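Chemist: sequence and predicted structure, then a few things I'm wondering about:
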Amino acid sequence: MVKGIDPTSHEPVYLQIAAHLKGLIQSGKFGPGDRLPTERQLGEEFGVARGTVREATRELQHQGLLEIQHGRGTFVRSRPPVRRLAGDRFARRHRDAGKAAYLAEMEGRKPEVEVLEIATLPSPPEIASRLQLSPGTPVLSRRRIYRADGGNPMEIATSYIPVGLAENTPITEENTGPGGIYARIEEQGFHLTRFVEDVCKRAPSSQEKRALELAGNVPVIHLIRTAYAVKNAGDAEVAVEVCDTVMAADCYQLSYELPAQ
């Protein structure tokens with residue numbers, strides 16, 4: 001049996017190779033910034049065609065472990081994917097400390113947020129439905145792009161907030177202030193109660209691929225989040241914001257903690 005390959009396994013050969021290479025990375029055999037052997041060398045080592053090796057390295061690229069630099073080779077990522085803790089990133093203690101969610105999850109790194117557009121526009125049907133508004137009701141749209149450590153874009157996010165919640169507040173400005181949008185909403189007497197996220201992985205559109213500067217066949221994570229709040233105890237919840245986010249899948253690991261009840 002060729003090293004790392006089990007011909008009796010039902011698992012595709014490229015995934016077996018990917019698992020073997022992943023083990024070498026996790027053990028430190030290949031460290032951050034190290035270049036892997038060439039496709040030809042790996043093909044000879046595993047006894048497979050170069051195309052099979054390419055599938056294996058693309059799989060690890062999608063997992064955020066490798067980056068493929070055309071003309072230079074395949075390298076172990078210098079930075080691991082961001083572990084996005086869904087149960088913690090919106091904790092009130094972060095807002096109290098003046099940190100919006102992105103700043104909280106980027107501890108130890110250098111986050112960059114660029115506001116691309118702030119505009120009042122008619123709410124698209126899906127956004128209106130999530131905000132419990134009639135289609136076309138005006139909403140404030142805030143479109144941003146996120147980077148870290150001077151690298152490529154990691155995500156693009158567009159928030160939609162009912163105009164009545166946003167007007168005459170820093171939400172309409174480029175810098176929303178300490179704690180971000182949610183801190184400004186709570187300053188108006190609302191108490192955030194929960195967040196609902198719908199998540200899927202898909203191929204990027206051509207526009208998303210350009211905006212996120214995605215290489216090869218890297219997919220995106222499409223996440224739509226709705227934030228709910230109440231103003232007084234006993235009030236019915238209202239939706240106060242919808243955030244439509246597209247993330248480079250090789251930049252993030254999504255982590256959810258779910259109660260067993």
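Modeler: Done, it's in.
Chemist: separation between E67 and A211?
Modeler: As judged by CB to CB, to the nearest Å, E67 and A211 stand 18 Å apart. C-betas here are computed from N, CA, C, even on glycine.
Chemist: neighbour count for those two, which is higher?
Modeler: Legend: neighbour count by other CB atoms under 10 Å for E67 and A211, higher for E67 (22 against 17).
Chemist: which ones are touching the more buried one?
Modeler: Counting by CB atoms under 8 Å, 6 or more residues apart in numbering, E67 touches Q61, T74, F75, R77, A215, D250.
Chemist: repeat for T57
Modeler: Counting by CB under 8 Å, 6+ apart, T57 has contacts A18, L21, L36, E39, L66, I68, T74.
Chemist: name the SS class of the first one, please.
Modeler: Secondary structure assignment for A18 (DSSP: H, G, I helix; E, B strand; the rest coil): helix.
Chemist: of all the residues in stretch 213-225, which ones are buried?
Modeler: L214, A215, V218, P219, V220, I221, H222, L223, I224, R225 (16 or more other CB atoms under 10 Å).
Chemist: over to stretch 241-260?
Modeler: 241-252, 254.
Chemist: secondary structure, pLDDT and neighbour count for the contacts of T57 - can I get that in a markdown table?
Modeler: Putting the contacts of T57 into a markdown table (DSSP: H, G, I helix; E, B strand; the rest coil; pLDDT from 0 to 100; neighbours: other CB atoms under 10 Å) gives the following:
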| residue | secondary structure | pLDDT | neighbour count |
| --- | --- | --- | --- |
| A18 | helix | 92 | 25 |
| L21 | helix | 92 | 26 |
| L36 | coil | 94 | 20 |
| E39 | helix | 93 | 19 |
| L66 | strand | 86 | 23 |
| I68 | strand | 80 | 17 |
| T74 | strand | 92 | 23 |
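Chemist: any weak-confidence spans in the stretch 151-261 of the chain?
Modeler: 216, 261 (pLDDT under 70).
Chemist: can you list contacts of stretch 120-138?
Modeler: By CB under 8 Å, 6+ apart, stretch 120-138 touches 139-141, 160, 162-163, 224, 226, 238-239, 241-242, 244.
Chemist: re earlier: show only the entries of the buried residues of stretch 213-225 found in strands.
Modeler: V220, I221, H222, L223, I224, R225 (DSSP state E).
Chemist: okay, domains of this structure per the record?
Modeler: 13-76, 82-255 (automatic domain parsing).
Chemist: please enumerate the helices of the stretch 151-261 of the chain.
Modeler: 163-166, 180-186, 206-212 (DSSP state H, counting those that start in this stretch).
Chemist: I5: which of these is closest?
Modeler: helix 206-212 (33.2 Å; CB to CB).
Chemist: ok, the contacts of stretch 120-138 vs C200, which is closest?
Modeler: Distances from C200 to the contacts of stretch 120-138, taken by CB to CB, are shortest for I224, at 9.2 Å.
Chemist: fine, thanks again, bye for now.
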